[in-house]
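Trainee: give me coordinates for this.
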Amino acid sequence: MREVINISLPSPMVKTIKKAVKDGNYISTSEFFRDLFRVWQATQLVNELEASRDEIRTGKGKKLKSLRDLR
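Mentor: Okay, here's the model as predicted:
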């Protein structure tokens, strides 16, 4: 199920987004924001992985004996 989220943006941002859609980079304004969200999610995942790697490098990582230890 989809939900509607309304946001308020400054005019220069709106113009940039509308131009990206008009130029064919995105099918719609909604697709622009869905893509932006996917990029944000991927960045969050990379940041979490880097933090985990840092923990392992510094010896603070937790050694798992099985997948149950993830809980």
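Trainee: helices or strands next to the least confident helix or strand in the chain by mean pLDDT in the packing?
Mentor: Least confident helix or strand of the chain, by mean pLDDT, DSSP states H and E, is helix 29-57 with a mean of 95. Contacts defined by 3 or more CB pairs under 8 Å, 6 or more residues apart in numbering; DSSP states H and E place helix 29-57 against helix 11-22. For every residue, glycine as well, the C-beta is placed using N, CA and C.
Trainee: need the contact partners of the helix it packs on.
Mentor: The contact list for helix 11-22 (CB atoms under 8 Å, 6 or more residues apart in numbering) reads Leu9, Tyr26, Ile27, Ser28, Thr29, Glu31, Phe32.
Trainee: make it 6 Å
Mentor: With contact meaning CB atoms under 6 Å, 6 or more residues apart in numbering, helix 11-22 is reached by Tyr26, Thr29, Phe32.
Trainee: among the residues you listed, which ones are buried?
Mentor: Tyr26, Phe32 (16 or more other CB atoms under 10 Å).
Trainee: got the phi and psi for Leu9?
Mentor: phi -130, psi 150 (degrees, to the nearest 10).
Trainee: which residue is the nearest non-sequential neighbour of it?
Mentor: Ile17 (7.6 Å; CB to CB, 6 or more residues apart in numbering).
Trainee: tell me how far the one you found lies from Phe33.
Mentor: 8 Å (CB to CB, to the nearest Å).
Trainee: looking at the two, which is more packed in?
Mentor: Legend: neighbour count by other CB atoms under 10 Å for Ile17 and Phe33, higher for Ile17 (17 against 14).
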